[in-house]
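Participant: give me coordinates for this.
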Amino acid sequence: MIQEKIQSSPDVKSMLQWYAVYTKPRGEKKLRDALNKKSIETYLPLLSEKKKWSDRYKIISSPLFASYLFVKIDLHQDSLRILQEPNSVQFVHYSGKPARIDDETIEMIRLFLDEYPDKIKIEQEAKLRKGNILEIKRGPFAGRKVTVEKVKNEYYVVVQLPMLNRTVLMEVKKEDLVL
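Facilitator: You can find the predicted model right below:
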């Protein structure tokens, strides 16, 4: 009974703030689902993309911000519950403290995704221009910085990988690059 009164009081609601949680690679959806089961409000902005398999096309929802999940919590009360989850790494920090995110910022992301999803793709493609430095996020070269040499086609980018005082050109799938 007392717990219900505390949770419904306006003071508790006002203590809830948005924070960004850094997740394990490809763990955003798993963490979102686990936190939702704990009744923690989350927001995972997703982009729908048409991906080609060898035999078909499929619509895939991928996170707009890879390895990030937004949570609306009372930091002192809920942070440990979040960090105990297997796909949670840490809170995003600014000046040594977990970075708060305004409600307006979250609403702007929601609105932009709802109204202009095609504009986001254009921005991502703009980062694949020759000379831009990106990072490989999957495979044997994960974590290595590469320079875009050219966009080969809809799915692959040719990148320069510096090794042993030589430049090696290799093809990397666009989805394997951190933009």
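Participant: contacting residues for Val92?
Facilitator: Val92 makes contact with Tyr19, Ala20, Val21, Tyr22, Tyr68, Pro98, Ala99, according to C-beta atoms under 8 Å, 6 or more residues apart in numbering. To be clear about C-beta, it is placed using only N, CA and C from the backbone, and glycine gets the same treatment.
Participant: all strands of this protein, in order?
Facilitator: 17-23, 41-43, 46-52, 57-63, 68-73, 88-91, 93-94, 97-98, 100-101, 133-136, 145-151, 156-163, 166-173, 177-178 (DSSP state E).
Participant: domains in this protein, by residue range?
Facilitator: Following automatic domain parsing, the chain resolves into domains at 2-124, 127-178.
Participant: lowest-confidence stretch among those?
Facilitator: Ranked by mean pLDDT, these end with domain 127-178 in last place, scoring a mean of 76.
Participant: what's the angle from the helix of greatest length in the chain to strand 17-23?
Facilitator: Criterion DSSP state H: the longest helix present in the chain is helix 103-115. Compare the direction of helix 103-115 with that of strand 17-23 by axes from the mean of the first three to the mean of the last three C-alpha atoms, to 10 degrees and you get 60 degrees.
Participant: give me the buried positions along helix 103-115.
Facilitator: For helix 103-115, a neighbour-count test (16 or more other C-beta atoms under 10 Å) marks Ile109, Leu113 as buried.
Participant: of the strands of the chain, which is nearest Arg81?
Facilitator: strand 68-73 (8.4 Å; C-beta to C-beta).
Participant: most neighbours out of the contacts of Val92, which is it?
Facilitator: Val21 (26 neighbours; other C-beta atoms under 10 Å).
Participant: you'd agree that one is up against Ile82?
Facilitator: Yes. Using C-beta atoms under 8 Å, Val21 is in contact with Ile82, at 6.0 Å.
Participant: overlap in contacts of those two?
Facilitator: Val71, Ser88, Phe91.
Participant: sweet, I'm off.
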